[in-house]
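1. From the sequence below, what's the structure:
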Amino acid sequence: MELVCQDLICEDFKSSIDLKAGPETVLFELFTRNNPDVAQILQVDDNALLEQSNYNSSLPTKIFAHGWVGFPDQGYSSKNEYLLREDCNFISVDWSVLASGDYTFVAINNVPVAGAATGAFVDFLVSQGAPLTSFHLIGFSMGAHVVGNAGGLLVSGKLPRITGLDPAANDFPLESLDTRLDTTDASFVDGV
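-> Numbering: from 1, shown residues only. Below is the predicted model of the structure:
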C-alpha cells in the first residue's frame with residue numbers, strides 16, 4: 001500500500017501506522033433470522049465459511065459499512081430493523097482495522113482498499129449463485145464511500161442500489177468520482 005502524505009500528517013503518525021493492513025483485514029459479519037444476534041464471519045473466496053453459514057442466496061442481501069474509527073456494530077440497529085421487516089441476509093462490513101487512524105490517511109488510502117474488498121465480496125457471492133439484483137449496499141459517513149468504491153469496482157455488473165447515510169465530505173471532493181460515492185456506482189444511489 002502506498003502511503004500518501006499531506007502536510008497535516010505528522011512524522012509521528014507515519015511511524016505509528018500499520019502499512020501492512022490490507023484487504024485481508026476486512027471481514028463480513030452475516031446475520032439472518034436464524035442468527036439475529038450472533039454473527040457468522042464470512043471472507044472473500046472462502047467457500048467453506050459460506051457453505052457452513054446461514055447465508056441464503058435466494059434472499060435479499062443488505063450490506064452495511066460503518067464509518068471512520070467505527071466498528072461493525074454501528075449497523076446493528078439497521079440490522080435489527082431489516083430482519084424484523086423482511087427475511088434477508090444482513091452483512092455488516094468490518095473494516096475497523098483500515099478505518100482507524102488519521103482521517104485523511106484513512107480517506108485517501110484505506111477507503112479504496114475496503115471498497116475493493118467489499119466489491120470482491122459481492123462478486124464472490126454472485127459467483128456462488130446470488131443474483132446481483134438482490135443486493136443493497138448501505139454506508140454510514142466514510143462507509144458511504146466504501147460502498148461507493150465497491151459499486152464502482154464491481155466486476156459482475158451494476159448494483160441495483162446504494163444508500164449513503166450522511167456521507168463524509170472532507171477529503172472526498174466532488175470531482176473525484178473514482179474515490180467517493182457518486183451516481184454511477186449503482187443504478188439507484190440515494191443519500192440521506
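2. Identify the residues contacting the helix ranked longest in the chain?
-> Using DSSP state H, we find that the single longest helix of the chain is helix 111-127. Outside helix 111-127, the residues within contact range by C-beta atoms under 8 Å, 6 or more residues apart in numbering are 1, 22-23, 26, 28, 42-45, 50, 55, 57, 61, 63, 65, 93, 95, 98-99, 132, 135, 137, 142, 145-157, 159, 179. No exception for glycine: its C-beta is placed from N, CA and C like everyone else's.
3. mind redoing it with 7 Å?
-> 1, 22-23, 26, 28, 44-45, 61, 63, 65, 93, 95, 98, 132, 135, 142, 145-150, 153-156, 179 (C-beta atoms under 7 Å, 6 or more residues apart in numbering).
4. Same question for stretch 169-188.
-> 103-104, 107-108, 112, 144-145, 147-148, 151-152, 158-162, 164, 167, 189.
5. 6 Å instead?
-> 104, 107, 144-145, 148, 151-152, 158-162, 164, 167, 189 (C-beta atoms under 6 Å, 6 or more residues apart in numbering).
6. So for it, mean pLDDT?
-> Averaged over stretch 169-188, pLDDT sits at 82.
7. Just the buried residues of it, please?
-> Of the residues in stretch 169-188, 171-172, 179-182, 185-186 count as buried by neighbour count, 16 or more other C-beta atoms under 10 Å.
8. of those, closest to S77?
-> Using C-beta to C-beta, L181 comes nearest to S77 of the buried residues of stretch 169-188, at 21.1 Å.
9. So what does the closest one have for phi and psi?
-> Main-chain torsions, L181, degrees, to the nearest 10: phi -60, psi 130.
10. got it, and the one 3 residues further on?
-> Backbone geometry at T184, expressed as degrees, to the nearest 10, gives phi -90, psi 0.
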